[in-house]
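Student: Based on what follows, work out the 3D shape:
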Amino acid sequence: MRHIERLPEPEILVKKHQEWQRKFDEQRQAHPGCRPDSSKYGHKKIREMLDACSYHKCFYCESRLKGELKGIDHFVEVSLAPELAFKWENLYLSCSNCNDKIPHNVIPVEQVLDPCRSSDEEIQANITFEDECICSCPGSEIGLRTIQKFRLNSDSLDLKRGKKLREIMKVALDIKDEMIKSGRQHFNEDEKKVLLSFMQPDQPYSLMSKVFLRKRFPDLFE
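Tutor: So this is what the prediction gives:
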């Protein structure tokens, strides 16, 4: 998870928000348990803007979603706050793993990190990694709850993150080989840029990559 700077509300939502909400409210009066129309809050223009916000990544786990199954998640669940069904600030791009989150009555959203409101510093103070395995920082209850709610420690995510780490290590070992050949003990600036690029916010699993690189190659940050 990384902090996400939300872009301006899509024009389609500015124009249609009130109309869509009114129709949903009318439906709920007749059928209290109904869901909002996903073709509306999942409109192409809304998805495109959410994609742009997160660089085509899941807001929660940072999985790359280009060509992958993805959905629009209501951060505050519709059953809890139906008035937020079409609210721009409540729509989050999510992979299928994280969209199948633990419900509010088990873990309320007030007890977890919010990628659109929590800063990178706050996120990194509560969540870390041991290789590809996500874990909470010592003593962090909010880190534990965040991992639980969005199932950030699922087997499928461990496999994807492990694949990314192997990619990083291959690049790092190739660079180390070049350093040995040229008799150098330190990375040059170009080599640093290549490795540090893995922790850029537009890269998948950038927080894990940052934690990994700091542990394995602390001289990158000198």
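Student: And the lengthiest helix in the chain, how far out from the chain middle?
Tutor: Taking DSSP state H as the criterion, the chain has its longest helix at helix 155-181. Centroid separation for helix 155-181 versus its chain: 21 Å, with Cα atoms, centre = their mean, to the nearest Å.
Student: Flag every buried residue along it.
Tutor: Using 16 or more other Cβ atoms under 10 Å as the test for burial, helix 155-181 gives 157, 160-161, 164-165, 168, 172, 175. In short, each C-beta sits where N, CA and C put it, glycine included.
Student: Of those, which is the nearest to Phe198?
Tutor: Ile168 (5.4 Å; Cβ to Cβ).
Student: That closest one and Ser197 touch, don't they?
Tutor: No: counting by Cβ atoms under 8 Å, Ile168 sits too far from Ser197 to count as a contact (10.1 Å).
Student: tell me the pLDDT at Ala81?
Tutor: Listed pLDDT for Ala81 reads 93.
Student: list the contacts for it?
Tutor: Asn90 (Cβ atoms under 8 Å, 6 or more residues apart in numbering).
Student: low-confidence ranges in this structure?
Tutor: For the chain, the stretches flagged by pLDDT under 70 are 69.
Student: Try it again at 50.
Tutor: For the chain, applying pLDDT under 50 flags no range at all.
Student: can you give me the strands in it?
Tutor: 70-74, 91-95, 127-130, 133-136 (DSSP state E).
Student: And the contacts of the second one?
Tutor: Yep, that's strand 91-95 we're talking about. By Cβ under 8 Å, 6+ apart, the residues outside strand 91-95 that reach it are 41, 46-47, 50-51, 53-54, 57-61, 63, 65, 68-75, 115-116.
Student: again, only using 7 Å
Tutor: Applying Cβ atoms under 7 Å, 6 or more residues apart in numbering, the contact partners of strand 91-95 are 41, 46, 50-51, 54, 58-61, 63, 65, 68, 70-75.
Student: and what of the third one?
Tutor: Outside strand 127-130, the residues that touch it by Cβ under 7 Å, 6+ apart are 1, 134-137, 143, 146, 208, 211-212.
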